[in-house]
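Trainee: let me see the structure of the following:
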Amino acid sequence: MSASILIYGGSVKDRNTKAEQIIKEITNEDIDLATTKLTDIKLVTPSNKSGYTVEDVKQAIDFLKKKPFSKNYKLLIFPKAEELSTKTQNMLLKSLEEPPEYATIILIAKTVKDLLETVISRCKKFPVKSGQQEETLTEADYNFLLEADLGTKLEWAEETAKLEKDEISDILENLIKQAREQLASKPVQTASNLQALIAKLEDIEKTNVNVRLALECLVIEISSH
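Mentor: Here you go, the predicted structure:
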């Protein structure tokens, strides 16, 4: 059965878990998005720092046009759909509207704010909420980073830098959210910390910055005083 699906919200882990649940319903198989090499499943990652290119989407559409090789289905998955430009989203509209009878298209996005309404309306939507995760050093909250000693902060930076960039972005976005909640009570210092958090998030997402070094600089910069 053909379908176009949009999964959004939550963390990277939450979104991928939901995608794998949906894929199992379609295929009756347990498929790990991070490791699958099945020829009838295409995971399309952006080939450019600024997001998906026209060529990325052309190749994805060409993949859909060919009938399944070894299965009775084909899956086309965009794990960072928020990085589709207006042009590349428009290129997908026809496929989203009428995917081949054997194909399912899955768009996975942090939020829907950068997606066209014409894209959203063509998809069956699955909003995802952040799950309760076992607390680890990398899930430290804003107050922890303010109050911890330098050694602990640097250990946090080291462990967090080992994660995927998407996961690091989620952590920094959560820290930014927590900092904003304290802006009214500590306006001067919190504003300075917010600037540091936002700057490092942009560096990590948009440049080839050394992630560990960026996080180490961040924890040295932010302060409770």
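Trainee: CA only for contacts and neighbour counts going forward, please
Mentor: Noted.
Trainee: list the contacts for residue 5?
Mentor: By Cα atoms under 8 Å, 6 or more residues apart in numbering, residue 5 lies in contact with 104-107, 123-126.
Trainee: okay, buried residues for stretch 144-152 please.
Mentor: Within stretch 144-152, the residues that qualify as buried by neighbour count (16 or more other Cα atoms under 10 Å) are 145-146.
Trainee: end-to-end on that stretch?
Mentor: 10 Å (Cα to Cα, to the nearest Å).
Trainee: can you map out the strands along this structure?
Mentor: For the chain, the strands defined by DSSP state E occupy 3-8, 41-43, 74-78, 103-109, 124-127.
Trainee: relative to residue 195, which of the ones you listed is closest?
Mentor: Closest to residue 195 of the strands of the chain is strand 103-109 (Cα to Cα; 25.0 Å).
Trainee: on that earlier part again, weed out the non-buried ones from the contacts of residue 5.
Mentor: 104-107, 123, 126.
Trainee: tell me the one among those residues nearest to residue 208.
Mentor: Checking the buried ones among the contacts of residue 5 against residue 208 by Cα to Cα gives residue 107 as the nearest, at 25.5 Å.
Trainee: ok, now which ones touch the closest one?
Mentor: Counted by Cα under 8 Å, 6+ apart, residue 107 has contacts 4-7, 77-81.
Trainee: mark which of those are buried, thanks.
Mentor: 4-7, 77-81.
Trainee: can I get those residues in CSV with distance to residue 164 and pLDDT?
Mentor: Shown next, in CSV, are those (distance: Cα to Cα, whole Å; pLDDT from 0 to 100):
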residue, distance to residue 164, pLDDT
4, 26, 96
5, 24, 96
6, 22, 96
7, 19, 95
77, 18, 96
78, 17, 97
79, 13, 94
80, 13, 94
81, 17, 96
